[in-house]
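1. Sharing a sequence plus its predicted fold:
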Amino acid sequence: VTSLPVWPRENADWARYFDTYAADYERLSFGSAGLAYVGAREVDVIAAELRSRAPGRVLDAGAGSGRVSRALAQLGWTVTALDVSSEMLRRVGRDVPGSTTVQGALGRPLPFADASFDAIVSVRVLKYVDALEVAIGEFARVLRPGGIAAIEFTNRRSLARFGYRDAPTRLVSMGEAQRLLEDRGLRVVARHTGTRLPQPVWRWARDPARARAAIACERVVAAALGGANRVVGARSAVIVGARV
Ligand SMILES: C[S@@+](CC[C@H](N)C(=O)[O-])C[C@H]1O[C@@H](n2cnc3c(N)ncnc32)[C@H](O)[C@@H]1O
């Protein structure tokens, strides 16, 4: 595979879509300098949130091939990786020591008891889930009181929406994302802004020199639009909710 497969027609077909390119997912999505920078920034934000807590049980919801799970296992967390794609999960099982893999779908009841996890992370996943309210309600249920959910949302009010035309995705604004958490007992305690530059810029930045230029450009845009706690214009943000 040299480019991303064509979007599925329906929400329910994401499993097959991700099965098809599981073997190439990390190379195609993060394999050049600019894309790697954006991806690493996301993982760093999640790792920083979990590093500040005693390691425990973490659910990586929509774990993919284990990009985030690997970082969390290195920090001493015991990872349960859930995904609809068996091909993705096979890679987590192979590469993440001590992990448990569970094939299942967000947006439906999760196969875990109440308060099973000390933390939940979910990166680049929820736009594929139509029943977002159910997914977040289930996060709140399986998280123990005091536990945190660090969830990445793609921002509908950004250029990102043009990247998903014709795809059966559901994008929300950052305000809607926060309300989804708050209404289900996840008090928002932090927000981390993702990149403000469009994806084609990061694809163009395929070597280190171009990546440096893109990063410099991003700093200028970020300075104009506000710092890490302002989400205006950001393609995405990681929103952290604490279970009350
Ligand atoms: C873009 S990948 C992100 C993987 C990983 N979180 C990362 O950041 O690299 C999206 C993942 O979400 C999974 N996914 C899509 N819809 C899902 C659903 N309803 N329930 C669980 N996983 C889902 C896909 O199979 C895929 O592995």
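-> Nice, I can see it.

2. tell me, how many neighbours does residue 47 end up with?
-> Neighbours of residue 47 under the rule other CB atoms under 10 Å: 19. In short, each C-beta sits where N, CA and C put it, glycine included.

3. Okay, the closest residue in space to residue 234 that isn't next to it in sequence and the ligand: tell me how far apart.
-> Of all residues not flanking residue 234 in the chain, residue 193 sits nearest, at 4.5 Å (CB to CB, 6 or more residues apart in numbering). Distance from residue 193 to the ligand, counting by CB to the nearest ligand atom, to the nearest Å: 17 Å.

4. Now residue 145: phi and psi?
-> phi -60, psi 130 (degrees, to the nearest 10).

5. does it really touch residue 115, like I thought?
-> Yes - between residue 145 and residue 115 there is a contact under CB atoms under 8 Å: 7.1 Å.

6. if you count what's nearby, which of those two comes out ahead?
-> A count of neighbours by other CB under 10 Å puts residue 115 above the other of residue 145 and residue 115, at 14 against 9.

7. thinking that one is in contact with residue 143, fair?
-> Yes - in terms of CB under 8 Å, residue 115 counts as a neighbour of residue 143; the distance is 6.9 Å.

8. need the contact list for the residue of the chain found nearest the ligand.
-> Closest residue of the chain to the ligand, CB to the nearest ligand atom: residue 64 (2.4 Å). Counting by CB atoms under 8 Å, 6 or more residues apart in numbering, residue 64 touches 18, 22, 25, 83, 85, 88, 92, 124-125.

9. And residue 173, by the same measure?
-> When contacts are counted by CB under 8 Å, 6+ apart, residue 173 touches 155-157.

10. Mind putting these into JSON lines with secondary structure and distance to the ligand?
-> Below are the contacts of residue 173 laid out as JSON lines (DSSP: H, G, I helix; E, B strand; the rest coil; distance: CB to the nearest ligand atom, whole Å):
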{"residue": "155", "secondary structure": "strand", "distance to the ligand": "16"}
{"residue": "156", "secondary structure": "coil", "distance to the ligand": "17"}
{"residue": "157", "secondary structure": "coil", "distance to the ligand": "21"}
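
11. of all these, which comes closest to residue 213?
-> Nearest to residue 213, judged by CB to CB, of the contacts of residue 173 is residue 155 at 23.8 Å.

12. The residue of the chain closest to the ligand and residue 236: what is the separation?
-> Distance, residue 64 to residue 236, by CB to CB, to the nearest Å: 15 Å.

13. Also residue 23?
-> 25 Å.

14. what about these two, which has more around it?
-> Ranked by neighbour count (other CB under 10 Å), residue 23 and residue 236 place residue 236 first, with 25 against 15.

15. most neighbours, which of the contacts of residue 64?
-> Ranking the contacts of residue 64 using other CB under 10 Å puts residue 83 first, with 28 neighbours.

16. quick revisit: and the residue of the chain closest to the ligand, which of the three is it?
-> When classified by DSSP: H, G, I helix; E, B strand; the rest coil, residue 64 comes out as coil.
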